[in-house]
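Colleague: what would the 3D arrangement of this be:
(4 chains)
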2 protein chains.
Amino acid sequence: MQDKKPTLQDVADKVGVSTATISRCLSDPQKVKPAVREQVMLAIKELGYVPHGAARALASRRTRTIGAIVPTVDNAIFAKAILSLQHELTQAGYTLLLANSSYSLEEEWRETQALLSRGVDGLVLVGEQHLPETLEAIRRQEIPYVNLWVYNPQAQYSCIGFDHIRASRQIASHLFDLQHREYGVISGMLKHNDRAALRLAGMREFLKEQAIELPDARVIECRYSVEQGRQAMHQLLTEHPDITAVFCGNDILALGALWGARELGISVPDQLSVTGFDNLDFALALSPQLTTVNAPSRRMGEQAAEYLLKQIENKSAEIEHIELEAELIVRESTSLARG
Amino acid sequence: MQDKKPTLQDVADKVGVSTATISRCLSDPQKVKPAVREQVMLAIKELGYVPHGAARALASRRTRTIGAIVPTVDNAIFAKAILSLQHELTQAGYTLLLANSSYSLEEEWRETQALLSRGVDGLVLVGEQHLPETLEAIRRQEIPYVNLWVYNPQAQYSCIGFDHIRASRQIASHLFDLQHREYGVISGMLKHNDRAALRLAGMREFLKEQAIELPDARVIECRYSVEQGRQAMHQLLTEHPDITAVFCGNDILALGALWGARELGISVPDQLSVTGFDNLDFALALSPQLTTVNAPSRRMGEQAAEYLLKQIENKSAEIEHIELEAELIVRESTSLARG
DNA sequence: CTGAAAGCGCTTACAG
DNA sequence: CTGAAAGCGCTTACAG
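Modeller: A predicted model of the protein is given here:
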């Protein structure tokens, strides 16, 4: 109906009150006499008034915006977390600014600057490993901030996640109980990815306790992709045919590994056990169904929203370390070691 | 080093010029004498000055922000598009505001309002079906806007996508050539999802031309999930054991369908052919590898960024209809009809 | 409960 | 090439 977008002033003029009153109706309705409030609400509706975010942000020094930087949204595990995070934020009237770091700390730093200059009221990053300048910039902004996907009770920053070491130890223990003694690992890139490093560390730790060797040659490091998982499996089985169990850094690699094993005519789990990590939707639909660890991605997203919103409300900066459960899910891709 | 965040004024004071000059250095450097420019840049670096997004947006009436609303980021096909969209935007100094509509037009409308009030400079939605209020609100905002995932040369709004009808006709034709005459369909929910509807329509259209019946009882509509695909397959094969080919609305449903067939002891493709849609990463790693249609999701994201950025630059509102290719990829899940 | 007014941190014609 | 100044559309102590 209107040509120009109506402003607060337009609403105020229409009702015959000050802009302050209209503003209050929007942000703190009970401060306004009900009769007035109703008129204002009516006028807002009639004019089709929509608050101007930037003006609001400038005046109130809050943007009602939360930034999140994940390695890549093109991995269901992060997508799920983003989905629940976004859902919770919307409920609370917040908007999500999303960025992807492509598993690069430099890229994460660049994205952090971009989000910070947008004035995000809170920020979520993935992992515990960040460039010092990233951390410093966040600190100076004095906004609540949380590391997702990690649980470290000693951390000086808040974190929400699970214990990767314990989770991977569970997998190792499961395989060990099945009499496996010759292991191979298909890991994600370890550099700049503390989650991948911790998973491998947990595996190593457990095997060491059992006095089992895990030579570096049996640990293949590659990007998280189906194709890479497949190639790694080929390499592993060709160079080390005695391997009976392959621990994969995530389900995507495991999917590729399963494919690779099939191509080589190696039957899983009869001849070879394979494990994943994350419990993506497809894990259950594969044949064999994938033994994996369930990552609480949805809950991490929810908790991150809850934590940040709470901190913003209180204007406090309390550090919290929230641990979520990541349980081992035994399915068909693991069984007793052959021979 | 600083306690308070430095403002333009601080930089201006430090260099001894006006804020206007600093502002110009940032937005249009060649308007400033090189000597001055260098001093300014130095001061900016030293002070750690970062522009205040909201103030900038308020004064310039541009936020350098693009909004995108997809059904759900928790579907690799949308995640890939978002990833490339975000990548392109970052390159250009823009930030992505992401929202999910959960395949609900009402939710889409709510998210649209939120993004519009954030002052996005451009907006991308998925599909051609939107609430009239959504369209009206976008129109009033006078910002460039594009419908992704559809190609309709007659549309009154810009669109970037592919021809779903043609793509699904290709699948149908492929199956027909393999002598299939008894079909089943596992479709996504048709309501509020024109892409799903078009895919089914293409299938129907082709079969009709071949004088083949596709009774409604053989078309199962369900949410896009592995589990739903599995259940639909059970239902289809139980009620219509003569079916030899099942057309699935996307790869996720096809994955579930494959699982369901396996559970029923039905061998794919010997006894039954199954097709997907999207060509997700896992399609190649399955056994049998999935016959599907490759959706150009990455390119859609890129093109969307390119289109919006161009429109914003020109301040024009030209309508474009960009068609991308979606080719059939024949793999192992389809073969000659049995008997 | 309400209003006048300052101010948030920039950009941008307009002069010079 | 540069500066003074208005103005973007809100919020929020401060008075009353």
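
Colleague: the stretch 201-339 of chain A: helices as residue ranges?
Modeller: Secondary structure of the stretch 201-339 of chain A (DSSP state H, counting those that start in this stretch): helices at A:226-239, A:251-263, A:297-314.

Colleague: list the buried residues in the longest one.
Modeller: I take that to be helix A:297-314. Buried residues in helix A:297-314, defined by neighbour count with 16 or more other Cβ atoms under 10 Å in any protein chain shown: A:297, A:299-305, A:307-309, A:311-312. For every residue, glycine as well, the C-beta is placed using N, CA and C.

Colleague: which of the residues you listed sit farthest apart?
Modeller: With Cβ to Cβ as the measure, no two of the buried residues of helix A:297-314 lie farther apart than A:297 and A:312, at 22.8 Å.

Colleague: tell me, how many neighbours does the closest residue to DNA strand D within the stretch 151-300 of chain A end up with?
Modeller: The nearest approach of the stretch 151-300 of chain A to DNA strand D comes at residue A:158, 24.7 Å away (Cβ to the nearest atom of the strand). For residue A:158, the neighbour count with other Cβ atoms under 10 Å in any protein chain shown is 21.

Colleague: hmm, residue A:145 and it touching each other?
Modeller: Yes. Applying Cβ atoms under 8 Å as the test, residue A:158 and residue A:145 come out as touching, 7.0 Å apart.

Colleague: helix/strand/coil for residue A:124?
Modeller: Here residue A:124 is recorded as strand under DSSP: H, G, I helix; E, B strand; the rest coil.

Colleague: one more: residue A:137?
Modeller: helix.

Colleague: show me the contacts for it.
Modeller: Shown in contact with residue A:137 (Cβ atoms under 8 Å, 6 or more residues apart in numbering or on different chains): A:109, A:112, A:113, A:116.

Colleague: so which of these is the most crowded?
Modeller: residue A:112 (26 neighbours).

Colleague: pretty sure that one sits in a strand.
Modeller: No. Secondary structure of residue A:112 (three-state DSSP): helix, not part of a strand.

Colleague: now it, nearest residue through space, not along the chain?
Modeller: Excluding its sequence neighbours, the residue lying closest to residue A:112 (Cβ to Cβ, 6 or more residues apart in numbering or on different chains) is residue A:134, at 5.0 Å.

Colleague: average pLDDT for the helix or strand containing the one you found?
Modeller: Taking DSSP states H and E as the definition, residue A:134 sits inside helix A:132-141. In this model, helix A:132-141 has an average pLDDT of 90.

Colleague: hang on, the earlier thing: looking at the helices of the stretch 201-339 of chain A, which has the lowest confidence?
Modeller: helix A:297-314 (a mean of 94).

Colleague: return the list of helices and strands in contact with that one.
Modeller: strand A:65-70, helix A:76-91, strand A:122-126, strand A:145-148, strand A:158-161 (3 or more Cβ pairs under 8 Å, 6 or more residues apart in numbering or on different chains; DSSP states H and E).

Colleague: can stretch A:56-64 be found next to chain B?
Modeller: Yes. Counting by Cβ under 8 Å from any Cβ of the partner chain, chain B is contacted by stretch A:56-64 at A:57, A:58, A:63.

Colleague: hmm, the second one is touching residue B:56, no?
Modeller: No. Residue A:58 is beyond contact range of residue B:56, at 9.3 Å (criterion: Cβ under 8 Å).

Colleague: what's the distance between the closest residue to DNA strand D within the stretch 101-250 of chain A and residue B:43?
Modeller: Here the stretch 101-250 of chain A gets closest to DNA strand D at one residue, residue A:121, 12.2 Å apart by Cβ to the nearest atom of the strand. Distance, residue A:121 to residue B:43, using Cβ to Cβ, to the nearest Å: 28 Å.

Colleague: which positions in stretch A:33-46 come out as buried?
Modeller: A:36, A:37, A:39, A:40, A:41, A:43, A:44.

Colleague: residues touching the residue nearest to residue A:299 when sequence neighbours are not counted, list them.
Modeller: Distances taken as Cβ to Cβ, 6+ apart place residue A:324 nearest to residue A:299, at 5.6 Å, with adjacent residues excluded. Residue A:324 makes contact with A:151, A:160, A:161, A:162, A:296, A:299, A:300, A:303, according to Cβ under 8 Å, 6+ apart.

Colleague: the last one is in contact with residue A:160, isn't it?
Modeller: Yes. Taking Cβ under 8 Å as the contact criterion, residue A:303 and residue A:160 are neighbours in contact, 4.8 Å apart.

Colleague: between the buried residues of stretch A:33-46, which is nearest chain B?
Modeller: If you rank the buried residues of stretch A:33-46 by distance to chain B using Cβ to the nearest Cβ, residue A:44 comes first, at 12.4 Å.

Colleague: please export the C-alpha coordinates of the helix or strand encompassing the closest one as PDB.
Modeller: Take DSSP H and E as the rule and residue A:44 turns out to sit in helix A:34-47. Provided in PDB are the C-alpha atoms of helix A:34-47 (Å, rounded to 0.1, in the frame of the first residue of the first chain):
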ATOM      1  CA  PRO A  34      -2.900  -1.300  27.400                       C
ATOM      2  CA  ALA A  35      -5.300   1.100  25.600                       C
ATOM      3  CA  VAL A  36      -2.400   2.800  23.900                       C
ATOM      4  CA  ARG A  37      -0.600  -0.400  23.200                       C
ATOM      5  CA  GLU A  38      -3.600  -1.800  21.300                       C
ATOM      6  CA  GLN A  39      -3.800   1.300  19.100                       C
ATOM      7  CA  VAL A  40      -0.100   1.100  18.400                       C
ATOM      8  CA  MET A  41      -0.300  -2.500  17.500                       C
ATOM      9  CA  LEU A  42      -3.100  -1.800  15.100                       C
ATOM     10  CA  ALA A  43      -1.300   1.000  13.500                       C
ATOM     11  CA  ILE A  44       1.800  -1.200  13.000                       C
ATOM     12  CA  LYS A  45      -0.300  -3.800  11.300                       C
ATOM     13  CA  GLU A  46      -2.100  -1.300   9.100                       C
ATOM     14  CA  LEU A  47       1.100   0.400   8.000                       C
END
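
Colleague: close to DNA strand C, is that helix?
Modeller: Yes. Contact of helix A:34-47 with DNA strand C (Cβ under 7 Å from any atom of the strand) involves residue A:36.

Colleague: which outside residues touch that helix?
Modeller: A:2, A:6, A:10-11, A:14-15, A:17, A:21-22, A:25, A:29, A:32, A:49.

Colleague: dump the helices of the stretch 201-339 of chain A to CSV, plus distance to residue B:259.
Modeller: Output for the helices of the stretch 201-339 of chain A, formatted as CSV (distance: least, Cβ to Cβ, whole Å):
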stretch, distance to residue B:259
helix A:226-239, 18
helix A:251-263, 14
helix A:297-314, 22
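
Colleague: residue B:192 is nearest to which of the ones you listed?
Modeller: helix A:297-314 (23.6 Å).

Colleague: could you list the residues in contact with the closest one?
Modeller: A:62, A:66, A:68, A:77-78, A:80-89, A:92, A:94, A:121-122, A:124, A:144, A:146, A:148-149, A:158, A:160-161, A:278, A:317-318, A:320, A:322, A:324.

Colleague: can you select the buried ones among those residues for me in ChimeraX?
Modeller: Only the buried entries of these go into this ChimeraX selection, using 16+ other Cβ under 10 Å:
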select /A:66,68,77,78,80,81,82,83,84,85,86,87,88,89,94,121,122,124,144,146,148,149,158,160,161,278,322,324
